[in-house]
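Let's see this in three dimensions:
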Amino acid sequence: MSERIECKTASEWYGIGIEQIKLKEFQKAIESLEKCIRLDSQYKNAYFHLGISYQNIGEYEKEINCYEESVIHYPNDNKAWNNMGVAYDDISYHNKAKRAWKIADEIETGQLVFSSKEDILKALDYVKYGGTDPVYKGKTANELIEKGMKSSDPTEALKYYQEAYDLYAIVNNELGEANALRQMALTYRRKKDWNKCLEYEKKAYEIYSRLHFDTFIGEEAHNIGFCYFNLGEYRKAIPYFEESINIHQNLKDKSKITDSLFNIALIYKRLQEYDRALEYFIRCIEIDRENNYKDNQANDYFEIGLIYKELKDIDNAFKNFQISLKLFKEVNDVKAQQKINKEIDEISRNLYRNDDL
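I've put the predicted structure just below:
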């Protein structure tokens, strides 16, 4: 059983925290230094050493927060600015690191002396964003979106997008906020976390609706429908796909119209409402034929073939599979051809057995 330490003053907790750092007991040091700060929020160097403790357990963002607090209370401590730069460098924010190191160097050489809290906050904005004007926050948010899109780690990407969203909110850039939300939704979509994807798609949809951006409203309506589709909540999906169709009809975007039509058709097929499903697949074919989308037409005919197969209408099933096969041959989709040939072979075998009977 570990010995319980009882202290009454910030100074005592600080002293214990320093000893625990020397013993490399960093988690214990964090607890002691936080108790010190609770008793005296401006206790000299408490935030600095708390930052060192977080650094040693790999909590770099908490480390940075500690150095920010440290320089607010003791702005001319070049070591805190220097460590802030190291922490930023550890999480690959190299430009922020360079700006923090620049301030540390200027303090050390006597070129810079902080005399007001306003100047300190401006310096922190400079480190984080490259400048104090709101435009720098917007620019940083754009850079964070780019970082998120390049990241192969979904957790890291989501962190970048959330940070970008927060910055867009600060500068009242609602389109930027919506874009960050879309990127978060897309990341959750890749993870197949459909509930989280739906949550962020709806938030983006609300912003675009408020701003009357029809192009994005139509896309988000489709994406929300797609989330409900993958959650198996088919009835909830249909109105969003229909909304997307209506908007894209006004925008004359036939590609996006057929995307939503096809998904509604699949829904009715899964619900075994085959007449409605056929209606939507036929609407797909009409538009895909106008656009000469042979691969889309091939998929439309294949799905119609499957419906007729379910309905035991072998002649129509066979007919639609053959049309689909011909189109897939024209676009050289070998895997799709193999899939259809299996369906055709199965139909043929069943017919052969029935003839034997």
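
show me the contacts for G176.
For G176, the contacting residues are G138, A141, N142, A164, Y165, L167, Y168, by Cβ atoms under 8 Å, 6 or more residues apart in numbering. (Glycine included, C-beta is placed from N, CA and C.)

Okay, and the last one sits in which element?
Assignment of secondary structure by DSSP states H and E places Y168 within helix 154-170.

For the contacts of G176, which entry has the maximal number of neighbours?
Within the contacts of G176, most neighbours by other Cβ atoms under 10 Å means A164, with 29 neighbours.

From the rest of the structure, what touches stretch 53-71?
17, 21, 24, 26-27, 29-30, 33, 45, 47-48, 50-52, 77, 80-81, 83-84, 86-88, 90-91, 120, 123-124.

helices or strands next to the helix or strand hosting S324 in the packing?
Following DSSP H and E, the helix or strand that holds S324 is helix 314-330. In this structure, helix 314-330 makes packing contacts with helix 294-310, helix 334-356, judged by 3 or more Cβ pairs under 8 Å, 6 or more residues apart in numbering; DSSP states H and E.

do you know which of those lies nearest L261?
Comparison of the helices and strands packed on helix 314-330 against L261 by Cβ to Cβ identifies helix 294-310 as nearest, at 9.3 Å.

Identify each buried residue in that closest one, please.
Neighbour-count burial for helix 294-310, counted by 16 or more other Cβ atoms under 10 Å, picks out 294, 296-309.

which ones are touching the residue nearest in space to the middle of the chain?
Closest residue to the average C-alpha location of the chain: M184 at 1.9 Å, with Cα atoms, centre = their mean. M184 makes contact with L158, Y161, Q162, Y165, Y200, according to Cβ under 8 Å, 6+ apart.

tell me which of those residues is nearest to L278?
The shortest approach to L278 among those belongs to Y200, at 34.3 Å (Cβ to Cβ).

follow-up on the earlier one: of the buried residues of helix 294-310, which pair is most distant in space?
Using Cβ to Cβ, the buried residues of helix 294-310 span at most 22.3 Å, a distance reached by K294 and K309.

now N82: how far from E199?
Separation of N82 from E199 (Cβ to Cβ, to the nearest Å): 40 Å.

When the two are compared, which one has more neighbours?
Between N82 and E199, N82 has the larger neighbour count (other Cβ under 10 Å), namely 19 against 15.

Double-check that one against A100; I have them as touching.
Yes - using Cβ atoms under 8 Å, N82 makes contact with A100 at a distance of 7.3 Å.

could you pull out the helices for the stretch 151-300 of the chain?
If you assign secondary structure with DSSP state H, counting those that start in this stretch, the helices in the stretch 151-300 of the chain sit at 154-170, 174-190, 194-211, 214-230, 234-250, 254-270, 274-290, 294-310.

between the helices and strands packed on helix 314-330, which gets the lowest average pLDDT?
Out of these, the stretch the model trusts least by mean pLDDT is helix 334-356, with a mean of 79.

Residue ranges of each domain in this structure, please.
The chain breaks down into these domains under automatic domain parsing: 1-111, 273-357.

quick one: contacts of the lowest-mean-pLDDT helix or strand in the chain?
Evaluated with mean pLDDT, DSSP states H and E, the helix-and-strand set of the chain has its lowest mean pLDDT in helix 334-356, which scores a mean of 79. Applying Cβ under 8 Å, 6+ apart, the external contacts of helix 334-356 come out as 298, 302, 305-306, 309, 314, 317-318, 321-322, 324-325, 328-329.

Check stretch 279-288 too.
Identification of contacts with stretch 279-288 by Cβ under 8 Å, 6+ apart yields 254, 257-258, 261-262, 264-265, 268, 294, 296-297, 300-301, 303-304, 307.

CA atoms of stretch 88-107 as CSV?
As requested, C-alpha coordinates have been extracted for stretch 88-107 and formatted as CSV (Å, rounded to 0.1, in the frame of the first residue of the first chain):
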residue,chain,number,x,y,z
TYR,A,88,4.9,21.3,-31.2
ASP,A,89,7.8,19.7,-33.1
ASP,A,90,7.0,16.3,-31.4
ILE,A,91,3.5,16.4,-33.0
SER,A,92,4.8,17.6,-36.4
TYR,A,93,3.6,21.2,-36.1
HIS,A,94,7.0,22.3,-37.4
ASN,A,95,6.1,25.9,-38.3
LYS,A,96,4.6,26.5,-34.9
ALA,A,97,7.7,25.0,-33.3
LYS,A,98,9.9,27.4,-35.3
ARG,A,99,7.9,30.4,-34.2
ALA,A,100,8.0,29.4,-30.5
TRP,A,101,11.8,28.9,-30.8
LYS,A,102,12.2,32.3,-32.4
ILE,A,103,10.5,34.0,-29.4
ALA,A,104,12.7,31.9,-27.0
ASP,A,105,15.8,33.1,-28.9
GLU,A,106,14.7,36.7,-28.9
ILE,A,107,14.0,36.6,-25.1
